[in-house]
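> Quick one, fold the following:
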Amino acid sequence: MAGEQSTTEKQIGNKETLGFQTEVRQLLDLMIHSLYSNKEIFLRELVSNASDAADKLRFEALGADALYEGDGELRIEVTFDPGARAITVRDNGIGMSRDEVIEHIGTIAKSGTRSFLDSLTGDQAKDAQLIGQFGVGFYSSFIVADRVTLETRRAGAPVEEGVRWESSGGGEYSIQTLPRPERGTAVTLHLREGEDEFLDHYRLRAIINRYSDHIPFPILMAEPAPSDEEGGKESEKKGGPEKAAPEMTTVNRATALWARSRSEIEPEEYEAFYKHVAHDFEAPLETIHSRVEGSQEYISLLFIPKRAPFDLWDRNARHGVKLYVKRVFIMDDAEHLMPPYLRFVRGVIDSADLPLNISREILQSNKLVDAIRAGSVKKVLSALDRMARNEPEKYAEFWSQFGRVLKEGVIEGPANRDDIAKLLRFASTRSGNDSQSVSLEDYLGRMKPGQEAIYYLTGDSYATVLGSPHLEIFKAKGVEVLLLTDPVDEWVVGSLTEFDGKPLHSVSKGDLDLSKIEEGPGADAERKDGEEENAEGASETPAGEMKPLLDAVGKALGERVKEVRVSSRLTTSPACLVAGEHEMGAHLERILKAAGQDVDGGQRILEINPTHPLVKRMQANLEDHRFEDLAHILHDQAVLSEGGQLDDPGAFVRRLNGVLESLAGATG
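Here you go, the predicted model:
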């Protein structure tokens with residue numbers, strides 16, 4: 001469990017005072033200071049938790065009806081007491097044991113919590129957005145309350161095993177065992193000064209209607225007596241004859257939103273439901289609501305968020321959608337219904353055909369589940385395709401948040417690889433900046449006459465790949481190259497070997513022949529002075545003339561290189577390193593080594609530019625005492641120019657200094 005958990009500090013009878021987990025203390029402070037402008041969300045969060053508790057009881061009771069304890073009408077109650085300045089949200093759901101209260105309330109059992117808190121900036125607006133991505137749940141109570149009391153008993157547990165938890169939102173909380181006849185949970189908020197606006201029936205009801213109308217269980221509130229509308233609060237404070245208990249009425253629709261027709265649902269209702277299932281503050285970027293009928297029946301209501309959740313990159317975190325069967329909640333985060341590369345999708349899937357007692361094990365090998373998953377994935381990918389074609393700015397917003405995750409689908413989802421490939425976006429030498437905005441279809445539409453491949457280059461950063469010597473001949477000929485800088489890109493191009501009949505080819509691997517490509521206007525725009533002459537000179541230099549130099553450089557470098565040859569890639573740089581067509585590239589080797597893997601990328605090929613002044617000088621002075629140093633400098637510069645690290649930086653510096661000293665002496 002993340003963070004530190006303090007041990008018991010005080011114990012009086014069965015009452016203990018415990019310290020909050022460090023992360024909880026920080027989050028409580030953020031609740032008070034960063035979310036104050038949106039403080040009414042506390043009620044949405046508490047009602048959502050109550051709904052989840054009712055869902056879980058209904059599922060557990062499928063095989064153990066005794067858990068209902070004679071009361072099978074699941075409900076949520078919201079009451080307030082103006083005299084005590086308190087609001088209570090009560091449910092008769094699954095409830096919690098003492099250990100569960102400590103686990104769920106005293107700690108945040110989420111991996112990545114530490115990194116989430118480290119990402120906070122101190123800017124209230126930005127932090128509120130980050131907190132929304134994290135999900136605040138129960139802790140939002142402290143936005144409006146200076147003391148929170150929780151009483152609960154787990155369904156099926158003895159009456160004597162009720163639990164009372166209380167905290168003022170400081171560094172500790174108290175917990176004790178006490179008799180509690182009713183199952184479920186009641187959370188009472190003792191309001192801070194200045195929060196009396198929430199001690200009003202119509203204010204609370206308006207919040208429920210706005211955020212929680214879709215909750216599939218009745219939310220009950222006491223109807224105010226006619227005399228309470230004006231001066232009701234004062235009469236309650238002054239006392240008077242005891243009144244009959246007010247009638248409780250349902251204030252929400254209490255129907256499954258997804259079961260209704262799309263034509264009946266307002267955008268605001270979709271938004272409220274999304275915030276319930278995703279615990280997000282913002283509206284979704286896209287809503288996908290569909291009903292499938294025929295050989296199988298299921299309804300899916302899926303959402304694509306606007307922003308990535310804080311734990312998106314934790315592949316062990318539970319993601320996915322909620323699974324229902326005939327409106328009965330079965331499980332949270334049914335990962336078998338959505339592949340990992342769509343783990344950002346939120347929502348519900350409700351099947352009319354699956355058995356109510358389905359388990360996670362059955363989900364793994366159920367043909368109905370496989371069909372639901374395949375259909376749901378197609379719907380999400382189709383929605384993204386429509387967005388990309390019809391709303392490119394909106395799709396760019398999606399890609400900036402989830403593009404790297406979607407790329408995983410090329411590797412993990414072979415059945416949908418072609419559809420995913422159309423959705424990919426990359427930076428390129430044509431885009432002019434590091435934004436990933438170029439699709440493979442865009443690239444094909446701009447290919448030069450005679451061009452037979454889609455060219456790409458992988459690297460650690462945009463600046464590194466844009467300045468790579470491997471691109472020089474492509475710039476000279478005006479040929480676009482995709483610049484791939486996400487770590488996952490190495491595996492993407494390993495799985496996506498072609499697109500629309502055109503192979504993908506790394507400009508840093510294998511032989512290169514661009515002689516069939518006709519130059520166009522782009523070549524003149526990108527070519528720098530001297531590049532045309534150097535490009536032609538490189539291709540026209542007879543191999544025989546260069547052989548003595550190639551042999552000498554190869555002998556000087558020894559085992560450091562596999563081969564030394566004349567380059568057809570270079571126009572302005574003296575040398576570059578190239579991997580074999582089917583060998584591991586330098587960038588992938590660096591990624592694997594950084595991940596702790598012991599890999600050997602093997603020897604690489606050193607290509608030299610025969611038109612470069614340094615290479616010409618070396619060719620003319622094969623017997624120079626500095627030749628071996630120059631050969632090593634040539635190699636090390638090639639390593640550095642592609643973003644690599646030298647095995648012996650000190651040796652490189654000594655050789656370079658020696659050459660510079662010789663030059664200084666010659667001109668001094």
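
> contacting residues for residue 413?
339, 341, 377, 420 (Cβ atoms under 8 Å, 6 or more residues apart in numbering). Just so you know, the C-beta spots here come from the backbone N, C-alpha and C atoms, and that holds for glycine as well.

> the strands in the stretch 151-300 of the chain, which residues?
162-167, 172-178, 184-191, 219-222, 248-250, 286-292, 298-304 (DSSP state E, counting those that start in this stretch).

> List the contacts of the last one.
I take that to be strand 298-304. By Cβ under 8 Å, 6+ apart, strand 298-304 touches 257-259, 270, 273-274, 277-278, 284-292, 321, 344-353, 372, 375-376, 379-380, 383-384, 398, 402.

> quick one on the thing from earlier: among the contacts of residue 413, who's most crowded?
Most neighbours among these, by other Cβ atoms under 10 Å: residue 420, with 25 neighbours.

> which residue packs closest to that residue, ignoring adjacent ones?
Using Cβ to Cβ, 6 or more residues apart in numbering and skipping residues adjacent in sequence, the residue nearest residue 420 is residue 409, 4.3 Å away.

> I'd guess the one you found is in a strand, am I close?
No - under DSSP: H, G, I helix; E, B strand; the rest coil, residue 409 sits outside any strand and is assigned helix.

> where exactly do the helices run in the stretch 1-150 of the chain?
22-34, 41-60, 98-105, 113-118, 124-134 (DSSP state H, counting those that start in this stretch).

> So, low pLDDT: which residues of the stretch 451-600 of the chain?
Low-confidence segments of the stretch 451-600 of the chain, defined by pLDDT under 70, are located at 519-543.

> SS state for the nearest residue to residue 342 once chain neighbours are set aside?
Closest residue to residue 342 apart from its sequence neighbours, by Cβ to Cβ, 6+ apart: residue 380 at 5.8 Å. Under three-state DSSP, residue 380 falls in the helix class.

> residue contacts, residue 380?
Contacts of residue 380 (Cβ under 8 Å, 6+ apart): 288, 302, 304, 338, 342, 345.

> how near is it to residue 344?
Distance, residue 380 to residue 344, using Cβ to Cβ, to the nearest Å: 10 Å.

> With residue 591 instead?
The value you get for residue 591 to residue 344, if Cβ to Cβ is used, is 23 Å.

> of the two, who's got more company?
Remark: of residue 591 and residue 344, residue 344 carries more neighbours, 22 against 19, as counted by other Cβ under 10 Å.

> I'd say the more buried one and residue 311 touch.
No - Residue 344 is not in contact with residue 311 according to Cβ atoms under 8 Å; the separation is 10.8 Å.

> Out of the contacts of strand 298-304, name the ones that lie in helices.
Within the contacts of strand 298-304, residues falling in helices by DSSP state H are 270, 273-274, 277-278, 372, 375-376, 379-380, 383-384, 398, 402.

> could you dump those residues to a markdown table with pLDDT and distance to residue 146?
Output for those, formatted as a markdown table (pLDDT from 0 to 100; distance: Cβ to Cβ, whole Å):
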| residue | pLDDT | distance to residue 146 |
| --- | --- | --- |
| 270 | 94 | 35 |
| 273 | 90 | 31 |
| 274 | 92 | 31 |
| 277 | 85 | 30 |
| 278 | 85 | 29 |
| 372 | 91 | 47 |
| 375 | 94 | 50 |
| 376 | 94 | 45 |
| 379 | 96 | 46 |
| 380 | 97 | 44 |
| 383 | 97 | 45 |
| 384 | 98 | 45 |
| 398 | 97 | 41 |
| 402 | 95 | 39 |
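
> Now for those: which two are most distant?
Greatest spatial distance in the ones in helices among the contacts of strand 298-304: 372 and 398, 23.6 Å, computed using Cβ to Cβ.

> so where's the stretch 1-150 of the chain uncertain?
The low-confidence ranges in the stretch 1-150 of the chain, as defined by pLDDT under 70, are 1-13, 21-25, 27-28, 30-37, 106-136.

> change it to 80
In the predicted model, the stretch 1-150 of the chain carries pLDDT under 80 at residues 1-14, 20-38, 104-139.

> by contact count, what packs against whatever helix or strand residue 556 lives in?
If you go by DSSP states H and E, residue 556 is part of helix 543-557. Judged by 3 or more Cβ pairs under 8 Å, 6 or more residues apart in numbering; DSSP states H and E, the packing partners of helix 543-557 are strand 561-566, strand 604-608, helix 613-620, helix 627-641.

> Buried ones in it, by neighbour count?
In terms of neighbour count (16 or more other Cβ atoms under 10 Å), helix 543-557 has its buried residues at 546, 549-550, 552-554, 556-557.

> go on, stretch 138-154?
So for stretch 138-154, counting by 16+ other Cβ under 10 Å, buried means 139-145, 147-154.

> same question, stretch 54-73
54-59, 61, 67-69.

> And the furthest pair within those?
Between any two of the buried residues of stretch 54-73 (Cβ to Cβ), the greatest distance is 17.3 Å, for 55 and 69.

> With mean neighbour count and distance to residue 603 added, can I get the strands of the stretch 151-300 of the chain in CSV?
Below are these laid out as CSV (neighbours: other Cβ atoms under 10 Å; distance: least, Cβ to Cβ, whole Å):
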stretch, mean neighbour count, distance to residue 603
strand 162-167, 21, 64
strand 172-178, 18, 62
strand 184-191, 22, 66
strand 219-222, 20, 70
strand 248-250, 13, 75
strand 286-292, 17, 49
strand 298-304, 24, 46
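
> Nearest to residue 466, out of those strands?
strand 298-304 (31.1 Å).

> neighbouring strands for that closest one, and are they parallel or not?
Sheet pairing of strand 298-304 (DSSP bridges) gives strand 286-292 (antiparallel), strand 346-351 (antiparallel).

> ok so, going back, show me what contacts the residue nearest to residue 420?
Residue 409 neighbours (Cβ under 8 Å, 6+ apart): 339, 341-342, 416-417, 420.

> ok, of the residues you listed, which one's closest to residue 367?
Closest to residue 367 out of the contacts of residue 409 is residue 339 (17.0 Å), distances taken as Cβ to Cβ.

> just checking, the closest one touches residue 376?
No - in this structure residue 339 lies outside contact range of residue 376 using Cβ under 8 Å: 9.6 Å.

> What ranges does the stretch 351-500 of the chain have for its helices?
Taking DSSP H, counting those that start in this stretch as the criterion, the stretch 351-500 of the chain carries its helices at 360-363, 367-390, 392-412, 417-423, 440-445, 462-466, 472-477, 489-495.

> In TSV: these, plus distance to residue 662.
Shown next, in TSV, are the helices of the stretch 351-500 of the chain (distance: least, Cβ to Cβ, whole Å):
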stretch	distance to residue 662
helix 360-363	71
helix 367-390	58
helix 392-412	48
helix 417-423	54
helix 440-445	47
helix 462-466	31
helix 472-477	29
helix 489-495	41
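
> Of all those, which one is nearest residue 82?
Among those, the nearest to residue 82 by Cβ to Cβ is helix 392-412 (43.9 Å).

> Alright, I will stop here.
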